[in-house]
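Colleague: this one's sequence-less:
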């Protein structure tokens, strides 16, 4: 696991040192409450995310319209009919009422019918496979999740990047995803939909960043010890900047060929980098299993069995 | 609560919730007899066993096409004669198991042991034939590790074979128990459970034979 | 000789697990030493370990559940404190340790805390409520319990010897395949869950048979207390769902042990099939836990509102409806896998439809209180808190059931908050309510009310603060299972969640304090009547604690609220029904079968985890021999003479008569 260790060490080295005990508690202050409104799924920056936020809030509103009166009613009933309230009438015979029955079945049914409609329409409208209507042509990106990094291949541009997804703002993205080893989920909260990246399969996702900006992306499915560092940056830039970035990427960096990919597939962390060129059909070979799945943890020396548990790195 | 007249069936249920019928009829509770309870409980267990098999069946259905370039059902099951003989053994053993049950309820020890012995031999023949088939497949390069299809096949069929093998051990135990204890009530209940088990394995085998061998040979 | 097991398996170089293991070892050895020194071992062996009495087994299940709940809570504390310290820092738990903790937390909480607690309540209350003397298969019941203990033991053993799974509480392949998890962690998971799963399945068989075939005369289906109905539904789900878990884990085991290709990346394996199969079990499992919990709330709310349950038939219908629909929703656990819009929409709607059944129940509980005389005792407080918080959990659940909303919330801390919201308020609150409700029945004295209420408020506050924070973190896009993070905006909710855990810890401490205070003051808290809450179902007609045989004479049930009817009649006539004719009673003899069986199961599990094949075979032979010995025994029952039965029942009757004389009539 030498590679993994080295890479992890590097990544760790850049992080700030341990936080003193007192400091975290200073953060309970209100400043962070305010800043909490920025980022996240309630602050979408793409057309898909915006629609999903709308559906989320609509469904929430519909349900709260029922849930809040229910909560208030339950507490009110309990309080009014408390044992010590002489004004409340004791009605032990009130154990069945056709009208109440009708009510208690119809309220949830009607709510669910309404939400069911919302679900049905929303599922079709926001099907991850559904292309985004736009005058601009979609940019194709092939995404490969590796242990524990993200590889973004731009098949039409012939370049690739690790842990940094540079995209033109305002232009639809068409992502094809697969995994080199275990399951992962591609998730950039401010852009919208998550989707699984699975070995031996290709999933599809259409997203768009409406405005230029830097957005956080992460794996949203636990994939092993390096999972917490398996995040990536989405850089949405104007089209001209994107073209410049492509040109720059083509002019520098290594080529992503067989051996380079094999190195990438080994477990470990890595800093963002770009590849000037990508071996033809690399994505298809990974997805079809023509390239064997990532190797997993390196075999341990015979003295220490594989079962050695919490061995420090 | 007003005065209670015990002659009215609805006394404890003034609002007619749940039961319009008075009196204590069938299904109104009361403890069933021990034989019913045991048979019923064991049948519930068998249902759960069938659910487990259905998961293996589902896995087989999903993976049946995943041969990874290795042998597929069509090559392997082109000649279902072995499976047909196995089926014959198992069905015949079910018959002899039924005879054993009859002998047990008639308290005829000799007939019981004879029928159980026949059941055992037929079951053993089944397991032997299956083991021979498995060994042949492994020798032909069609081991469970070859492909997902073969993994599913060996698991599904092997799980049934394992059940039959456990059944054989149980069968011998029951014979020994009848020798030692005679047809005691608890022994009779166990014989009932054993025969339920043995017949259930037949039912599963019929499904297995159809799905794996018959459909497989034509797939 | 010892397979993969070497000295390297013990974490001598790892201070946290080593110290934890040593503390546990000291506690366990200390407890064993104390018990031995006090000479209690024969008593424990005779009266508890070999007991086949459903009440004792119920109590032991509860004890196991409480122990494991505490262990799981400590895991939760470690996770929350790690995250609180791990903003832009490594924290104190390295990933390979942290990953084991969250995997163990989930596994322990579901399989070894929630399940034993719920099964414990069912064990204790169901036969009493049905008016019978025991479950259908008493010895099998003991086997079930001890197999659950085996599972719990194996999980906890992994702390000291080897490691636990680093895959999450459901070991999704390919991560859980040998290639990506070469250690013994996943094997510990597999065998612990598999062995305890057998126990649970046998419980399911036992209780379905009991509820359908072993009821007091006159106890028709529509006269059963609600808790029995929900227990029936839950056990039917166990019988239908647990075999799928067994099969699924068996497939993963075959992959890991024999190189099969069910879920592997290569040779045609299909890891997605694991997700489908495991959730075919996993979603019904949620209802296996929560339906009996609903039953507890039904009992508690009705009793403490001094009213029959409102809309009984509706409640039964809603229970069976949930039972059925729970098998049609599993796909909502992976909407984001890219199934088509039609599939997602179908499962999304099916999921929401379950909320109809739950909604009906909520309204029926509300109307049970309507027109009642609500007494705010600890069990009732838990029930009210449940109604309020469960509605919130239901809302977040239905949100997650809308696929486009799930697309941004899947696997986030919002999801974590949601399922803790429903499982803690649904299951854990129900267990606490049921614990306080049935405790006097089990031990003959009530729990201290003041400490109960302190524990309630602290736990509730901790729960709200923790999981409100996690909802918030999820909306900020924070995913689950992060060992450290460096997104600034996630820091505040993570710290708040940590603060919530501090409150919860105080709640946990109060719970234990309540138990100790109650034991100390048991003389004042003594329940002499057997009916401390003015109960409505049959268990309250027995003395507290009930005798081994529960009922001197099986009750004749004439109506829906079996005991309430009898009690009202007695109150009106100011007298009990005439003394019955007492007969000798035969009760099943205690048997060490369950315990010995579990010893061999532990051997088998441990041997398979470490590839010690001879030991596994030895364990198998031993388990088989145990059953043969059990089958060979000649004396299966012991007799309680009529005079003894009469003595116990007369004492109960006299205390009832006493209570009747003190009865002032209903306040109108």
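Modeller: Good, I have the coordinates. The structure presented is a predicted model; accordingly, all values stated were derived computationally and were not measured. Numbering: from 1, shown residues only, chains lettered A, B, ... in the order given.
Colleague: Just give me the residue right at the centre of chain A.
Modeller: Centroid check for chain A by C-alpha atoms, centre = their mean gives residue A:187 as the closest residue, at 2.0 Å.
Colleague: That one touches residue C:478, doesn't it?
Modeller: No - look at residue A:187 against residue C:478 with C-beta atoms under 8 Å: they stay out of range, at 10.5 Å. C-beta: built from backbone N, CA, C; applies to glycine.
Colleague: Can you name the next helix or strand after the worst-scoring helix or strand of chain B on mean pLDDT?
Modeller: Using mean pLDDT, DSSP states H and E, the weakest-scoring helix or strand in chain B turns out to be strand B:29-31, at a mean of 79. Following strand B:29-31 in sequence order, the next helix or strand is helix B:34-63 (DSSP states H and E).
Colleague: If you count neighbours, what's buried in that following helix?
Modeller: For helix B:34-63, a neighbour-count test (16 or more other C-beta atoms under 10 Å in any protein chain shown) marks B:37-49, B:51-53, B:55-60, B:62-63 as buried.
Colleague: secondary structure class for residue 93?
Modeller: You didn't say which chain, so I picked chain A. Under DSSP: H, G, I helix; E, B strand; the rest coil, the three-state class of residue A:93 is coil.
Colleague: Chain C is the one I meant
Modeller: Under three-state DSSP, residue C:93 falls in the coil class.
Colleague: Name the nearest residue to it, ignoring sequence neighbours.
Modeller: The shortest distance from residue C:93 to any non-neighbouring residue, by C-beta to C-beta, 6 or more residues apart in numbering or on different chains, is to residue C:82 (4.6 Å).
Colleague: tell me the contacts of that neighbour?
Modeller: By C-beta atoms under 8 Å, 6 or more residues apart in numbering or on different chains, the residues touching residue C:82 are C:91, C:92, C:93, C:98, C:101, C:483.
Colleague: Remind me which helix or strand it belongs to.
Modeller: Residue C:82 belongs to helix C:54-85, assigned by DSSP H and E.
Colleague: what's across from the residue nearest to the centre of chain A in the sheet?
Modeller: residue A:218 (DSSP bridges).
Colleague: And it, how close does it get to chain B?
Modeller: As judged by C-beta to the nearest C-beta, to the nearest Å, residue A:187 and chain B stand 28 Å apart.
Colleague: Show me where chain B dips below the pLDDT cut-off.
Modeller: B:1-29, B:219 (pLDDT under 70).
Colleague: Which helix in it has the most residues?
Modeller: Longest helix of chain B, by residue count under DSSP state H: helix B:148-181.
Colleague: by contact count, what packs against the helix or strand following that one?
Modeller: Per DSSP H and E, the first helix or strand lying C-terminal to helix B:148-181 is helix B:185-208. Other elements packing on helix B:185-208 under the criterion 3 or more C-beta pairs under 8 Å, 6 or more residues apart in numbering or on different chains; DSSP states H and E are helix B:34-63, helix B:81-105, helix B:148-181.
Colleague: Backbone dihedrals for residue A:274, please?
Modeller: The phi and psi torsions at residue A:274 (degrees, to the nearest 10) take the values phi -120, psi 160.
Colleague: same question, the one 5 residues further on
Modeller: Note on residue A:279: its backbone torsions stand at phi -60, psi 140 [degrees, to the nearest 10].
Colleague: excluding its backbone neighbours, what's nearest it?
Modeller: Per C-beta to C-beta, 6+ apart, closest to residue A:279 is residue A:257, 4.7 Å.
Colleague: What pLDDT is listed against the one you found?
Modeller: Listed pLDDT for residue A:257 reads 93.
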